[in-house]
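Trainee: based on what follows, work out the 3D shape:
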Amino acid sequence: MSPTSTSLTGLSGDTKIADWLSHPYGGPVIRQMLVDSGQSEKAMNPVKRFSMNKLIKISGGRFTQDTLDDLIARAEAAAAADTGAPAAPAGAVDEAPSAAPEAPEQPDWEERITEGRFAGQTVVVTGAGSGIGRATASRVAREGGRVIALDISADRLTAFAAEHDGLDITTVTADVTKDEDIARVLEAAGGPIDSLANVAGIMDDMTPLHEVSDEVWERVFAVNVVGLMKLSRAVLPRMLEAGRGSIVNIASEAGLRGSAAGVAYTASKHAVVGITRSSSFMYGPSGIRVNAVAPGGVITNIEARFDSALGQDRVMGALAVAPPPVTADQLAASICFLLSDDGVNLNGAILPSDGGWSAI
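Mentor: Modelled structure (predicted):
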């Protein structure tokens, strides 16, 4: 729905989220939507400067045009029922002072494929069923590579392969923490493995050290650290035999600082940084490069859950100054650069692909 002369609210898809929240009729309906999904207004802080239309583009299907149309209709209905109160115009701003000047919404980024960049290469990508892993596997395949795509979800892998019909993609439903599943990955690859992207990962529940449970700690480390270690350990002998190879691990801003997540996730990503640096030192003379990408906020299917009031207060406060989240395709651009021969002179690098967050 677009604002017209008969619109009571002036709200549309072009209205920024911050203006929706400060609007007398738009604010209540969007807050109710958040409550219904078990979230608070703080969840919108990283994307407040975006328009609703931009949120649709980057949400990966979680916020749709139908959802936006429903919000507009509900706001209009509330305004019509409240004939005694004038509706605020679109673009109304919150009177409370903001912590920093509002940055303009950036133009949409366009992916540019490098034809043949991975031609003749076999690239293993974990977490390939969704999010950053899916975007990375897709780009490698579209740039001519043979992709061994791993994910714990067979359904997501099936959908991924169907969307890339005609490209050289082998899917393997696998849990990277299980030795028998890793053996099937090596079998599927067959011969040499040129590159490995360790993307699979899970978030914690934002608990600080005195509240973290054994279950959360062990599960996060199993996927983020142990699985990464086991698959890399299995792949490296083939790279050593070939005398070349490239491994890219997914770290995080939480691997560079202490204010981006709970203690389990933060510790696990610091471990990924340590594995990356140790491996780059050990295998550099053998022609194997090992680097990491440290993303900031990314729109993926990994959702942060706050099981600690202290954790929520501290982390959400820190995230208020972080750059807005980006799409998985934007992270794949950084990952594929390091995976490919374009990253020839980079080894042991922890690349903060975070929109400048690491500079704050």
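
Trainee: where in the stretch 51-200 of the chain is pLDDT low?
Mentor: 58-60, 83-107 (pLDDT under 70).

Trainee: helix or strand: which one has the closest residue to G343 other than its chain neighbours?
Mentor: Nearest residue to G343, sequence neighbours excluded (Cβ to Cβ, 6 or more residues apart in numbering): F337, at 5.6 Å. Backbone N, C-alpha and C define where each C-beta goes, glycine included. Assessed by DSSP states H and E, F337 sits inside helix 328-339.

Trainee: put the alpha carbons of that helix into PDB.
Mentor: This file holds the C-alpha atoms of helix 328-339, laid out as PDB (Å, rounded to 0.1, in the frame of the first residue of the first chain):
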ATOM      1  CA  ALA A 328      24.500 -13.200   3.400                       C
ATOM      2  CA  ASP A 329      25.500 -12.400  -0.200                       C
ATOM      3  CA  GLN A 330      27.600  -9.600   1.000                       C
ATOM      4  CA  LEU A 331      29.500 -11.900   3.400                       C
ATOM      5  CA  ALA A 332      29.900 -14.400   0.600                       C
ATOM      6  CA  ALA A 333      31.700 -11.800  -1.400                       C
ATOM      7  CA  SER A 334      34.400 -11.500   1.300                       C
ATOM      8  CA  ILE A 335      34.600 -15.300   1.900                       C
ATOM      9  CA  CYS A 336      35.000 -16.100  -1.800                       C
ATOM     10  CA  PHE A 337      37.700 -13.500  -2.200                       C
ATOM     11  CA  LEU A 338      39.800 -15.200   0.500                       C
ATOM     12  CA  LEU A 339      38.900 -18.700  -0.800                       C
END
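
Trainee: can you give me the helices in this protein?
Mentor: Under the criterion DSSP state H, helices of the chain are mapped to 17-22, 26-36, 52-58, 65-81, 131-142, 154-163, 179-189, 214-221, 228-242, 263-283, 309-319, 328-339.

Trainee: mind listing what's buried along stretch 149-156?
Mentor: A149, L150, D151, I152, R156 (16 or more other Cβ atoms under 10 Å).

Trainee: out of those, who's nearest I247?
Mentor: The nearest member of these to I247, counting by Cβ to Cβ, is L150 at 14.4 Å.

Trainee: show me what contacts the closest one?
Mentor: V124, V125, T126, G127, A128, T171, V172, T173, A174, V176, V185, A200 (Cβ atoms under 8 Å, 6 or more residues apart in numbering).

Trainee: same thing but 6 Å
Mentor: T126, A128, V172, A174 (Cβ atoms under 6 Å, 6 or more residues apart in numbering).

Trainee: ok, P352 next?
Mentor: Neighbour list for P352: A294, S358 [criterion: Cβ under 6 Å, 6+ apart].

Trainee: and if you look at F160?
Mentor: With Cβ under 6 Å, 6+ apart, F160 has these contacts: G129, R134.

Trainee: for V326, see how far away it is.
Mentor: 20 Å (Cβ to Cβ, to the nearest Å).

Trainee: next one: N291
Mentor: 19 Å.

Trainee: swap in S12?
Mentor: 24 Å.

Trainee: swap in C336?
Mentor: Where V326 is concerned, C336 sits at a distance of 15 Å (Cβ to Cβ).

Trainee: with neighbour numbers in mind, choose between the two.
Mentor: Between C336 and V326, counted using other Cβ atoms under 10 Å, C336 has the larger neighbour count: 27 against 20.

Trainee: surely the more buried one meets R139?
Mentor: Yes. Counting by Cβ atoms under 6 Å, R139 is a contact partner of C336 at 5.1 Å.

Trainee: F306 against Q312, yeah?
Mentor: Yes. In this structure, F306 is within contact of Q312 by Cβ under 6 Å, at 3.9 Å.

Trainee: measure R233 to A119 for me?
Mentor: In this structure, R233 and A119 are 28 Å apart, going by Cβ to Cβ.

Trainee: and what of R139?
Mentor: 14 Å.
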